[in-house]
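*Asks:* What follows is a predicted protein model with its sequence.
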Amino acid sequence: MTDQAVIRTAEPADLDGLLALEVAGFDEASRWSRDSWAAEFAGGDRCVLVAECRSGGSEPDPAELVGVATFQLVADVADLHRVVVAPEHRRHGIGRGLIEAGLAWVEERRGGRVLLEVEHDNAPALALYRWLGFTELARRKDYYGAGRHALVMQRTTGTGRDHGMES
């Protein structure tokens, strides 16, 4: 039996599943609150994507949310606000799929550049972002708390390259 992940636009009804991903993916100090996630749904300039998984068995079963990513586009610059993949589903391409779907959303809206912050020692996330073409732009000391620095990374989209932006 294999699990198959499907990426779709999130709905407010997914909020409890998103909060469960937060608990599984982050320590308490780093988790987003219910209000933070609800605000992602309220913004017209936002794209919240979820990956849901159904087991490949013959019996129908409810889909399980196994990942989420949220983007915001202001003018021609997008921010990747959050990516969370359930620990037991990591390293199966779900994070990459969510980010690639978000990058497509940005390009469809003529966004030229995507920015993100990532904890400086999050090696799996850094490897994925670099593989997807993100490059380091800046460092933010103690961004996530004492000794927890952030790297700011950026990537131009096909639209950005069309307008002379370089990553």
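*Replies:* Perfect, I can see it now. Numbers count the residues shown, from 1 in each chain.

*Asks:* ok, Glu117 - contacts?
*Replies:* Neighbour list for Glu117: 140, 143, 150-153 [criterion: CB atoms under 8 Å, 6 or more residues apart in numbering]. Backbone N, C-alpha and C define where each C-beta goes, glycine included.

*Asks:* Could you rerun that using 10 Å?
*Replies:* By CB atoms under 10 Å, 6 or more residues apart in numbering, Glu117 lies in contact with 79-81, 137-138, 140, 143-144, 149-153.

*Asks:* which element is it on?
*Replies:* Following DSSP states H and E, the helix or strand that holds Glu117 is strand 113-119.

*Asks:* Do me a favour and average the pLDDT over that strand.
*Replies:* For strand 113-119, the mean pLDDT works out to 95.

*Asks:* ditto for stretch 145-163
*Replies:* With pLDDT averaged residue by residue, stretch 145-163 scores 81.

*Asks:* Tell me the buried residues in that stretch?
*Replies:* If you call a residue buried by 16 or more other CB atoms under 10 Å, then stretch 145-163 has these buried ones: 149-151, 153-157, 159-160.

*Asks:* And the residues you listed, which two are furthest apart?
*Replies:* His149 and Thr159 (30.5 Å; CB to CB).

*Asks:* Give me the sheet partners of the helix or strand hosting Val66 and which way each runs.
*Replies:* Taking DSSP H and E as the criterion, Val66 maps to strand 64-74. Sheet pairing here is set by DSSP bridges, and for strand 64-74 it gives strand 46-55 (antiparallel), strand 77-85 (antiparallel).

*Asks:* Pull out the buried positions in it.
*Replies:* 64-73.

*Asks:* so how far is that strand from its chain's centroid?
*Replies:* From the chain centre to the centre of strand 64-74 is a distance of 5 Å (CA atoms, centre = their mean, to the nearest Å).

*Asks:* same thing with stretch 42-53?
*Replies:* On CA atoms, centre = their mean, the centre of stretch 42-53 falls 9 Å from that of its chain.
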